[in-house]
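A.B. asks: Fold the stuff below for me.
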Amino acid sequence: MITLRRAEDRGNFDFGWLDTRHTFSFGEYLDPEHMGFRSLRVINEDRVQPAKGFGTHGHRDMEILTWVLSGALEHRDSLGTHGVIRPGEAQIMSAGTGIRHSEFNASSTDPVHFLQIWILPERSGLEPRYDQVAFPETELRNRLCLIASADGAEGSVKLFQDARIFAARLDAGREVQIPLRPGRSGYLQVTAGSLTLDGAFLEAGDGARIEDAASFAIIAQSPSELLFFDLA
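C.D. replies: Okay, the predicted model is just below:
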């Protein structure tokens, strides 16, 4: 069964320096029908204006994955980590027992566009940590590239949860088949372009829950990008 979540139905706030869209309830956006899906708690699509960003703030007991779509995002945290995240790079931060960080657009001229994803951890009280991995274009082009997983397989960043997150950049007309093991569900987030999911048309910003399916097909209708979540 496929349940669509259209881009225009998400929560949306425009603060001038930040345009943010929430797939699931977050902050001032509350929708009891969209509180998360399995261990997937947050998908926020953010556009931040040049030299603007989120000042230092804290998190606890959450696996936080950042995936930049365009531009560059600068990160600093209480572990002493300082880095810049660009397209094709997955950044993971386990908030665990508590971590403080800031995120700012690294450019003074261009906006940054990114997804921030929260995954519920397998247990509370984990030790805070940070990791960042760059994936070559050849691994993302016309195939599913594993960017995050519970075991850090295939060079992916490690999640403390039974979930696997894939990214793909598809040329128009390209198809990928995705299997789902029994008892697992999927969530598809389209980040650019347009595609069909078992015949259902989706475009940038749209998402879809996939349940009770052994496999399904994605066909790019235009040059497209996506994230896919394989969830226990």
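A.B. asks: Backbone dihedrals for Arg123, please?
C.D. replies: The phi/psi pair for Arg123 (degrees, to the nearest 10) reads phi -160, psi 160.
A.B. asks: Verify the contact between it and Asp162 for me.
C.D. replies: No. Arg123 is beyond contact range of Asp162, at 11.9 Å (criterion: Cβ atoms under 8 Å). Any C-beta I mention is one placed from the backbone N, CA and C, and that applies to glycine too.
A.B. asks: Looking at the two, which has the bigger crowd around it?
C.D. replies: Comparing Arg123 with Asp162 by other Cβ atoms under 10 Å, the one with more neighbours is Asp162, at 16 against 10.
A.B. asks: Please name the nearest non-neighbouring residue to that one.
C.D. replies: In this structure, Asp162 finds its nearest non-sequential neighbour in Ala232, 4.0 Å apart by Cβ to Cβ, 6 or more residues apart in numbering.
A.B. asks: got a pLDDT number for that neighbour?
C.D. replies: Listed pLDDT for Ala232 reads 96.
A.B. asks: show me the contacts for it.
C.D. replies: Ala232 makes contacts with 38-39, 161-163, 183-184, as judged by Cβ atoms under 8 Å, 6 or more residues apart in numbering.
A.B. asks: most neighbours, which of these?
C.D. replies: Comparing these by number of neighbours (other Cβ under 10 Å), Ala163 comes first, having 23 neighbours.
A.B. asks: residues touching that residue, list them.
C.D. replies: 38-40, 119, 148-150, 229-232.
A.B. asks: change it to 6 Å
C.D. replies: By Cβ atoms under 6 Å, 6 or more residues apart in numbering, Ala163 lies in contact with 39, 119, 231.
A.B. asks: How about Arg41?
C.D. replies: Counting by Cβ under 6 Å, 6+ apart, Arg41 touches 118, 120.
A.B. asks: quick one: which helix or strand includes it?
C.D. replies: strand 40-48 (DSSP states H and E).
A.B. asks: And the average pLDDT for that strand is what?
C.D. replies: Mean pLDDT, strand 40-48: 98.
A.B. asks: when you give positions from now on, start the count at 734
C.D. replies: With 734 as the first residue, the last one maps to strand 773-781.
A.B. asks: Which elements pack onto the very next helix or strand once past it?
C.D. replies: For strand 773-781, the succeeding helix or strand toward the C-terminus, using DSSP H and E, is strand 786-792. Contacts defined by 3 or more Cβ pairs under 6 Å, 6 or more residues apart in numbering; DSSP states H and E place strand 786-792 against strand 832-838.
A.B. asks: Quick one: the contacts of Ala965 as CSV, columns for distance to Gly926 too.
C.D. replies: Below are the contacts of Ala965 laid out as CSV (distance: Cβ to Cβ, whole Å):
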residue, distance to Gly926
Arg771, 26
Ser772, 27
Gln894, 28
Asp895, 30
Ala896, 24
Gly916, 31
Arg917, 26
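A.B. asks: Closest one of those to Gly940?
C.D. replies: The closest of those to Gly940 turns out to be Arg771 (Cβ to Cβ; 13.5 Å).
A.B. asks: dump the residue contacts of the closest one.
C.D. replies: The contact partners of Arg771, taken as Cβ under 6 Å, 6+ apart, are 918, 964.
A.B. asks: switch to 7 Å and redo it
C.D. replies: Contact analysis of Arg771 by Cβ atoms under 7 Å, 6 or more residues apart in numbering lists 918, 964-965.
A.B. asks: show me where pLDDT drops low in the protein?
C.D. replies: Along the chain, the model assigns pLDDT under 70 to no residue.
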